[in-house]
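J.: coords below, sequence missing:
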Ligand SMILES: Cc1cc2nc3c(=O)[nH]c(=O)nc-3n(C[C@H](O)[C@H](O)[C@H](O)COP(=O)(O)OP(=O)(O)OC[C@H]3O[C@@H](n4cnc5c(N)ncnc54)[C@H](O)[C@@H]3O)c2cc1C
């Protein structure tokens with residue numbers, strides 16, 4: 001059995017600057033098959049590079065043309081970065097490689113509410129979750145974004161969204177610690193800067209004592225002072241974790257540990 005993940009060659013067909021920090025790209029991907037999981041992501045390898053970076057599939061039009069899906073990804077452009085620099089230029093007409101999609105949003109059957117918290121990198125996933133799952137349970141979103149990237153029409157109209165200031169370092173861990181959670185069992189989903197996510201995992205386990213089946217907290221990026229030396233592919237970690245019967249939480253903790261190992265290796 002091959003363990004090699006599926007890859008797709010995709011054409012970049014459109015680019016739109018949604019805000020100074022957010023660029024929307026549309027990709028035509030022949031043969032693309034969605035997981036159907038609302039926070040699904042793909043690895044993106046841009047021309048001339050071999051490292052991938054991970055981006056949420058914000059939306060999919062499966063019928064762009066026969067056998068080809070048109071997918072939308074929204075890319076945060078920050079100070080410096082491999083994909084940041086490429087997406088800030090003129091990518092339309094270029095070919096990229098994307099890896100097969102994976103997803104981890106999995107509310108338990110007894111979830112009577114959804115609480116979604118994230119920074120700008122999590123905005124695409126939160127918006128897709130609200131669009132696809134919002135009707136299943138009362139849903140609240142807390143989005144920490146720079147003032148110039150607050151997009152009132154980014155979410156479906158009925159969404160309950162609190163916009164938190166996001167111009168400085170992330171304060172999401174503090175925000176969540178002070179947040180009133182709804183009563184009864186629900187599902188807490190969160191993504192953003194990894195150090196904030198590690199703090200929140202501890203808080204959920206120790207203070208809130210949430211069962212691990214009732215939350216999903218993912219480090220989407222690491223705040224380091226230089227370009228990341230080596231992308232750690234979540235795909236193999238995900239597959240190995242699932243095969244070993246680990247929970248989503250344990251798998252994301254393994255991913256954090258692998259990223260930290262990658263950083264430490266590069267610093268030596
Ligand atoms: C499952 C998953 C889904 C994701 N979905 C999205 C998505 O939909 N949209 C999206 O934009 N990102 C998303 N990310 C995060 C994205 O993969 C990282 O931010 C990635 O590092 C960006 O690559 P880059 O080439 O721009 O910067 P890199 O070359 O990776 O990093 C260069 C420098 O930029 C810093 N940096 C990286 N990301 C950020 C940031 N967001 N803000 C400030 N500084 C940063 C790093 O610390 C480093 O110093 C997701 C990540 C995961 C794991």
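T.: Cool, the structure landed. The structure presented is a predicted model; accordingly, all values stated were derived computationally and were not measured.
J.: any idea which helix or strand carries residue 142?
T.: strand 139-145 (DSSP states H and E).
J.: and if you look at residue 12?
T.: strand 7-19.
J.: what is the subsequent helix or strand relative to that strand?
T.: Scanning onward from strand 7-19 (DSSP H and E), the first element met is strand 22-30.
J.: packing partners of the helix or strand just after that following strand?
T.: With elements assigned by DSSP H and E, the helix or strand that comes after strand 22-30 is strand 41-45. For strand 41-45, the elements it packs on are strand 53-56, strand 68-76, strand 95-99, judged by 3 or more Cβ pairs under 8 Å, 6 or more residues apart in numbering; DSSP states H and E. From N, CA and C alone the C-beta is placed, and that goes for glycine too.
J.: need the contact partners of strand 41-45.
T.: Outside strand 41-45, the residues that touch it by Cβ atoms under 8 Å, 6 or more residues apart in numbering are 51-57, 71, 73, 83, 96-103, 125, 231, 233-235.
J.: and the residue nearest to residue 6 when sequence neighbours are not counted, what's its pLDDT?
T.: Spatial nearest neighbour of residue 6, chain neighbours left out: residue 100 (3.9 Å); criterion: Cβ to Cβ, 6 or more residues apart in numbering. For residue 100, the pLDDT comes out at 94.
J.: residue 135 now?
T.: Residue 135 is given a pLDDT of 75.
J.: just to revisit the earlier point, can you lay out the helices and strands packed on strand 41-45 as CSV showing mean neighbour count and distance to the ligand?
T.: CSV is the format used below for the helices and strands packed on strand 41-45 (neighbours: other Cβ atoms under 10 Å; distance: least, Cβ to the nearest ligand atom, whole Å):
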stretch, mean neighbour count, distance to the ligand
strand 53-56, 24, 3
strand 68-76, 22, 3
strand 95-99, 19, 11
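J.: circling back: strand partners of whatever helix or strand comes next after the strand holding residue 142, parallel vs antiparallel please.
T.: Note on strand 139-145: by DSSP H and E, the next helix or strand toward the C-terminus is strand 160-165. Note on strand 160-165: by DSSP bridges, its sheet partners are strand 139-145 (parallel).
J.: and of the helices and strands packed on strand 41-45, who's closest to residue 87?
T.: Ranking the helices and strands packed on strand 41-45 by proximity to residue 87 (Cβ to Cβ) places strand 68-76 first, at 4.5 Å.
J.: the closest one vs strand 22-30, what angle?
T.: Calculated by axes from the mean of the first three to the mean of the last three Cα atoms, to 10 degrees, strand 68-76 forms an angle of 160 degrees with strand 22-30.
J.: contacting residues around strand 68-76?
T.: 10, 13, 18, 21-32, 34, 42, 44, 55-62, 64, 83-84, 87, 120-121, 123-124.
J.: buried subset of the residues you listed?
T.: Buried subset of the contacts of strand 68-76 (neighbour count, 16 or more other Cβ atoms under 10 Å): 10, 21-29, 32, 42, 44, 55-60, 64, 83-84, 87, 120-121, 123-124.
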